[in-house]
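3D model of this:
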Amino acid sequence: MMSARGAGVSSLFLLSDGFGPLARSLVEGRGFIDCTGTFVDATLADPCLRAHRLPLAAWAAAGLAILFADDPLAAGLAKAVVFVLPLTAAHLLAVRSAWRYGSAAVTTAVLVIPLAALMIPAVLINTVNMQVEEGYAYSLIAFAFAFLLFFERQGRCHTLLTGGFGLSLAGLYLTKSSFLPFLAFLLLFHTRLEPSVRLRALVVVLTLAGVLGWMVHSHDATGRWSLGTSIDGLNFLKGNNAGLIDHYPPLTGTLDRYDAALLSGKVYADEWSLNDDGLQRAIAFMTAEPRLWAILAWRKFSVLFLSVDKAGSAPYPGFLGVLERGGLVAARLLEAACLVALALAVQRRRPLAGRAMLLFLGSMATLGVPYIVGFAFTRHASMMFLPCALALCHALVSLSPGRADGTPS
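Model (predicted):
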């Protein structure tokens, strides 16, 4: 599949959503800037965008373009290998826990479940996707979640894993600003678990390095200190306007084709003027039409947690389409199995079951809320499937009677 698809483009500099032009600018030494005018369908007096995307995806594309002479296939394969490594670490944490505390049957199940979740097409496509942030974030989310889910202070690699956890949080922030609530939740959770002030400080410093680095860039490049990007307002408006009720969820494409209607007749001085206008118009809609907003919020919730129809991109035809829908059915069954197993472990008062349930529910909420407030596609939901698989593994280990060789349950 990866060999056939590659990056889906003839050049990494043609990646969509602004990442291609940013990668070209970085490679050519012009810095983090996009002056092509192809990304935002709006009239800007200053057409150059400097704070519209967080940098990790553009950095990756630029580095891969240099290393592989702009060969999208080779770059896509290399990207898949690099970004699957955190997911591998997450899987090994689950297997280690099962080997220590679970039965042989549970250990086998824990070996299989995360791999089966990875085979869900909506997840698998992330391993090669270089055109959206989820293609970089999926495994960082899985590792950060697994580190706290299978948290053990006495392990010999604990300091190394803690450093990896901090780097994962920084990487997630530099991927997409909508992960901020999730990062804040994980930081708080880690603070409650980790007694070492030194290790707590390590995670905070690594995370803040990413956050403050972006804020400094935003101020230096545009004159504004910002935690987010200059297109957050436009994305907020995309998910909160009266016309959205007629075409959400989109089952054959994205919402980009409606940008022209949203921005018709508007002229903006710069990218932050566009951002501020989008925020104001979206808030005005939410306050003027609360019932309509509630209907849209339910649809977004359904896309994230219930629907088996792919939203946000064109469906595959024929047999691939059957696999795609079957994968989403499997993902929804995985979610249900995870909730049931966690609830059963809590009901039976298994050790750490309550902590695992809190981590799972808090993670799903903080990952989902930004998309319910904005707009949700299936690719946003796909980032939650691997944490579901890992949480199910934890519940199975918790419910296991233990290994026959005497390892405690």
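
which other residues reach stretch 27-35?
With C-beta atoms under 8 Å, 6 or more residues apart in numbering as the test, stretch 27-35 has contacts from 13, 18, 21-22, 25-26, 47-50, 52-53, 55, 58, 62, 65-66, 217, 221. Quick note: C-beta positions are derived from backbone N, CA and C, even for glycine.

could you flag which of these are buried?
Buried members of these, counted by 16 or more other C-beta atoms under 10 Å: 13, 18, 21-22, 25-26, 47-50, 52-53, 55, 58, 62, 65, 217.

Give the next helix or strand downstream of the lowest-mean-pLDDT helix or strand in the chain.
Least confident helix or strand, the chain: helix 2-5 with a mean of 50, by mean pLDDT, DSSP states H and E. Downstream of helix 2-5, the first helix or strand assigned by DSSP states H and E is helix 19-27.

helix or strand right after that following helix?
Counting by DSSP H and E, the next helix or strand C-terminal to helix 19-27 is strand 43-44.

List the strands paired with that next one, with their directions.
strand 267-268 (parallel) (DSSP bridges).

can you give me the helices in the stretch 251-400 of the chain?
For the stretch 251-400 of the chain, the helices defined by DSSP state H, counting those that start in this stretch occupy 259-263, 271-288, 290-305, 318-347, 353-373, 378-382, 385-399.

of those, which approaches residue 9 most closely?
Closest approach to residue 9 among these is made by helix 378-382 (17.4 Å; C-beta to C-beta).

mean confidence score for the closest one?
For helix 378-382, the mean per-residue pLDDT is 96.

Off-centre distance for that helix?
The chain centre lies 8 Å from the centre of helix 378-382; the measure is C-alpha atoms, centre = their mean, to the nearest Å.

Ok, stretch 25-42 next?
24 Å.

Now do it: distance from first to last residue.
21 Å (C-alpha to C-alpha, to the nearest Å).

in it, what's buried?
Across stretch 25-42, burial judged by 16+ other C-beta under 10 Å covers 25-27, 32-34, 39-42.

any idea of the mean pLDDT for that stretch?
When pLDDT is averaged over stretch 25-42, the result is 88.

okay, the residue nearest to residue 165 when sequence neighbours are not counted: pLDDT?
Of all residues not flanking residue 165 in the chain, residue 147 sits nearest, at 4.5 Å (C-beta to C-beta, 6 or more residues apart in numbering). Note on residue 147: pLDDT of 97.

Repeat that for the one 10 residues further on.
Confidence at residue 157, expressed as pLDDT, is 88.

Compute the number of surrounding residues for residue 340.
Neighbour count for residue 340, taken as other C-beta atoms under 10 Å: 12.

measure it to residue 390 for me?
Going from residue 340 to residue 390 by C-beta to C-beta, to the nearest Å gives 16 Å.

Same check on residue 185?
Distance, residue 185 to residue 390, by C-beta to C-beta: 16 Å.

which intervals of the stretch 101-250 of the chain have sub-threshold pLDDT?
Scanning the stretch 101-250 of the chain for pLDDT under 70 picks out 154-155.

mind redoing it with 80?
Scanning the stretch 101-250 of the chain for pLDDT under 80 picks out 154-156.

Enumerate the positions of the host helix or strand of residue 202 that are buried.
Using DSSP H and E, residue 202 sits in helix 197-222. Buried residues in helix 197-222, counted by 16+ other C-beta under 10 Å: 199-200, 202-203, 206-208, 210-211, 214, 217-218, 222.

Which pair of the residues you listed spans the longest distance?
Most distant of those, by C-beta to C-beta, are 199 and 222, 35.3 Å apart.

What's the mean pLDDT across stretch 400-409?
Here stretch 400-409 scores 53 as its mean pLDDT.

what's in contact with the helix or strand following the helix holding residue 202?
Going down the chain from helix 197-222, the next helix or strand is helix 232-238, by DSSP H and E. Defining contact as C-beta under 8 Å, 6+ apart, one finds that helix 232-238 is touched by 40, 42, 177, 244, 255, 258-259, 262, 274-279, 281-282, 373-375.
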